[in-house]
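Undergrad: generate coordinates for the sequence data below:
(4 chains)
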Number of protein chains: 2
Amino acid sequence: MATLKDIAQRVNRSVTTVSRALAGYSDVSPETISIVRSAADEMGYVPNTLARRLRNRSTETIGFVVPDSSGGYSEAFFSEFLAGVSKRAADFGYDLLVAVAHDKEDEISIYRKLISEGKVDGFVLTRTYCRDARAELLTKEGFPFAMFGRVENASSAPYVDEDGTYAMKLITEHLVDRGHTRIACIGQPESIMFSRLRLQSVKEHLATAGVQIPEEYIRMGYFSQKDGYEQASDLLRLPTPPSAIICFNDLLAFGAVNAGKDADLRIGRDLAVTGFDDIPMSAHYRPPLTTISQPIQGIGGMVVDLLLDRIQELRGITFQEHESEAAKRRILIPESWKVEADRHHHQLLLKPELIIRGTT
Amino acid sequence: MATLKDIAQRVNRSVTTVSRALAGYSDVSPETISIVRSAADEMGYVPNTLARRLRNRSTETIGFVVPDSSGGYSEAFFSEFLAGVSKRAADFGYDLLVAVAHDKEDEISIYRKLISEGKVDGFVLTRTYCRDARAELLTKEGFPFAMFGRVENASSAPYVDEDGTYAMKLITEHLVDRGHTRIACIGQPESIMFSRLRLQSVKEHLATAGVQIPEEYIRMGYFSQKDGYEQASDLLRLPTPPSAIICFNDLLAFGAVNAGKDADLRIGRDLAVTGFDDIPMSAHYRPPLTTISQPIQGIGGMVVDLLLDRIQELRGITFQEHESEAAKRRILIPESWKVEADRHHHQLLLKPELIIRGTT
DNA sequence: GTGAAAGCGCTAACAT
DNA sequence: ATGTTAGCGCTTTCAC
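TA: All right, here's what the predicted structure looks like:
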């Protein structure tokens, strides 16, 4: 591996000059620059990452800690998000460090460890809780992070989230329009922020439409297709079973559809089912699932943008910032996104889209 | 952040001594050791990872490059494997760097980049191809790697694989025992090593049992539940449709089951379907899926063991190795695994287990 | 426009 | 048993 020193010897300049030439500093003569550049190319020079990181006190690495109970994730969601994060990070020369936690306590200790060992510059969080231990820790430590989802105990932290309240407005209105009055829902635990928001929204908008939702129609705490099947089966055995089931992710909805089929109901006619996420399989399910689309990969990328912006911001306080650098990091929202943002574009709420298919 | 220097000043020793005390070298007085240790504890000393890595010329990081077309993965497989890798790596103080590739060419260039920038000490590969461009590159570069799966163009590389040949023997025998003579199969592209091996095995064992398998019964090149549905539907529309369908993963099998249901066949009686992987959902599908179990998480861990062993081996050539270190790294195979291994335990073949459930 | 020198925090060879 | 010295490869004052 060629080093700056090797190049310096070859072109008869000092290491310093070579370093600056390569970095494109303005106080290096054009001639020197071209000499150095071509030498570097020929020698296949690649800067030593470790040395640069040590010197710059920057790991150029983003941390992503995955809770092992990934049952919580619909798996497709997880890979999509990961792809979005990884690619955007790579665009900025950042690496992605992934750690998988054994359990809840382990998770927090992993964050502690990664921080104290200085292995990452910041974290990306997803699947946020209303009271989120991770957000709390990171806020307390003053360590940079950005989230897919909101929390209640870190109100100024940067996030991207889908407007679940609005999404559920779309869904309830859609179902009420279709004439449904017995509407149930199956969702994740209410401790998860988005789940609570969605449930609240369902309740509110049903109330507005003058539709009652009895307690036994509300099933919270579930994730998987199996859960969806079981809860839906149970709902359908009630004395007055629902005619529509709102599920808080697509997997739950698949389970509910199966339960309906097993109860000999015609899905979309006798029983309506809706999902959330629009994972790839949803369009190909039978019948295809009515659901809410989320640009998960794009959101992953956006969370990285927010995080890197935050990191730069904190650096700015400590170090002098080149103006050019400062200008580089500005949050850019894709044209195609409908979004509500705060003044600094650090807290973004996406307007979701309802995809009407065969299950309603 | 406290540094060695800080501790050294506090306890009136040199930085060297402190370093060695903390590392537990035998040539430091017990007294000094305890003084240094307690000072370090009090000051909350954590070694600077970057500095240590630069000095040791080791990144303590494993690379895992995920092809973006993760449609290829059954998603559950992917997270399980990741969990196994990450946890085992953590046991040895190694980090996991994950990169997601846009496409096939991008993938190779990511490997090149990570190598030349010195960001990882070795790679973990999965979903291997018969002629695997990654394995080829890494072998050529002499860069450490270990695989879940075999390849044909890197015969001495360390791997763990499930014995797919044996697995298919179990499945075909099971089906033939049940009286099936019209047996079809749906698998991934034959360019994928495990897929080719499984297909070969199916053909051989059917031949042995005196069962014909016509060309139109063989559908290779598929991954998803949707694929499974489409191919199975097509098979069932043939003049002489199969009475059993062997699928090379569980997702395909789910699709095939659905196709059978839609054709009003009783699954397990009129039509038998088998899967592969035993992902969590398989036990809860309706009917529950007959399939082959793979301890995916355990395999992920084992691949890490193989890789770290390989890395140490290569280091041993360059650097002097502490004996204790050398002793530490020996491949240990879990008691519960039935396994065929080479002399050095660097190439492992797991004996799979057939899980008979409701679909046969 | 260029170079010398210092230092990020750590470890190891080599004294003593 | 401990300290001195050197250096990993890079970036950044600061002086000329």
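Undergrad: next, residue A:161: secondary structure please.
TA: Of the three states, residue A:161 takes strand under DSSP: H, G, I helix; E, B strand; the rest coil.
Undergrad: what's the burial count for it?
TA: Residues within reach of residue A:161, counting by other C-beta atoms under 10 Å in any protein chain shown, total 19. C-betas here are computed from N, CA, C, even on glycine.
Undergrad: one more: residue A:355?
TA: Other residues close to residue A:355 by other C-beta under 10 Å number 16.
Undergrad: now it: how far from DNA strand D?
TA: 48 Å (C-beta to the nearest atom of the strand, to the nearest Å).
Undergrad: what does residue A:6 give?
TA: The spacing between residue A:6 and DNA strand D, counted by C-beta to the nearest atom of the strand, is 8 Å.
Undergrad: tell me which element residue A:273 is part of?
TA: Taking DSSP states H and E as the definition, residue A:273 sits inside strand A:272-274.
Undergrad: now do that strand, average pLDDT.
TA: For strand A:272-274, mean pLDDT rounds to 98.
Undergrad: now stretch A:337-345
TA: When pLDDT is averaged over stretch A:337-345, the result is 85.
Undergrad: show me the contact partners of it.
TA: For stretch A:337-345, the surrounding residues in contact (C-beta atoms under 8 Å, 6 or more residues apart in numbering or on different chains) are A:163, A:295, A:298, A:330, A:331, A:333, A:347, A:348, A:349, A:350, A:351.
Undergrad: buried members of those residues into PyMOL, please.
TA: Burial among the contacts of stretch A:337-345 is assessed by 16 or more other C-beta atoms under 10 Å in any protein chain shown; the matching PyMOL selection reads:
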select buried, chain A and resi 163+295+298+331+347+348+349+350
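Undergrad: now, the contacts of stretch A:337-345 that are in helices?
TA: Per DSSP state H, helices hold the following members of these: residue A:298.
Undergrad: and the furthest pair within the contacts of stretch A:337-345?
TA: Spatially, the most separated pair among those is A:163 and A:330, at 23.1 Å (C-beta to C-beta).
Undergrad: please name every helix or strand in contact with the strand holding residue A:273.
TA: helix A:164-177, strand A:244-247, helix A:250-262 (3 or more C-beta pairs under 8 Å, 6 or more residues apart in numbering or on different chains; DSSP states H and E).
Undergrad: after that strand, which helix or strand is next?
TA: strand A:291-293.
Undergrad: which residues touch that next one?
TA: A:162, A:167, A:170-171, A:250, A:253, A:274-278, A:282, A:352-355, A:357.
Undergrad: again, only using 7 Å
TA: Strand A:291-293 has contacts (C-beta atoms under 7 Å, 6 or more residues apart in numbering or on different chains) with A:167, A:250, A:253, A:274-278, A:282, A:352-355.
Undergrad: what's the farthest-apart pair in the residues you listed?
TA: A:253 and A:353 (16.6 Å).
Undergrad: and those two? which has more neighbours close in?
TA: Legend: neighbour count by other C-beta under 10 Å for residue A:253 and residue A:353, higher for residue A:253 (28 against 15).
Undergrad: so that one touches residue A:244, yeah?
TA: No - Residue A:253 is beyond contact range of residue A:244, at 11.5 Å (criterion: C-beta atoms under 7 Å).
Undergrad: spit out the residues that contact the two alike.
TA: With C-beta under 7 Å, 6+ apart, residue A:253 and residue A:244 have no common neighbours.
Undergrad: which pLDDT value goes with the residue nearest the centre of chain A?
TA: Chain A has residue A:148 as the residue nearest its centroid, 3.8 Å off, counting by C-alpha atoms, centre = their mean. Looking at residue A:148, its pLDDT reads 97.
Undergrad: find the nearest non-adjacent residue to residue A:128, please.
TA: The shortest distance from residue A:128 to any non-neighbouring residue, by C-beta to C-beta, 6 or more residues apart in numbering or on different chains, is to residue A:149 (3.6 Å).
Undergrad: separation between the closest residue to chain B within the stretch 251-360 of chain A and DNA strand C?
TA: Proximity of the stretch 251-360 of chain A to chain B (C-beta to the nearest C-beta) peaks at residue A:284, 4.1 Å away. Distance, residue A:284 to DNA strand C, using C-beta to the nearest atom of the strand: 54 Å.
Undergrad: do the same with residue A:111
TA: Separation of residue A:111 from DNA strand C (C-beta to the nearest atom of the strand) stands at 21 Å.
Undergrad: again, but for residue A:55
TA: Here residue A:55 is placed at a distance of 4 Å from DNA strand C (C-beta to the nearest atom of the strand).
Undergrad: how far away is that residue from residue B:54?
TA: Note on residue A:55: its distance to residue B:54, by C-beta to C-beta, to the nearest Å, is 9 Å.
Undergrad: so for those two, which sits in the more crowded spot?
TA: Higher neighbour count among residue A:55 and residue B:54: residue B:54, with 19 against 11, using other C-beta under 10 Å.
Undergrad: which residue is the nearest non-sequential neighbour of that one?
TA: Of all residues not flanking residue B:54 in the chain, residue A:50 sits nearest, at 4.3 Å (C-beta to C-beta, 6+ apart).
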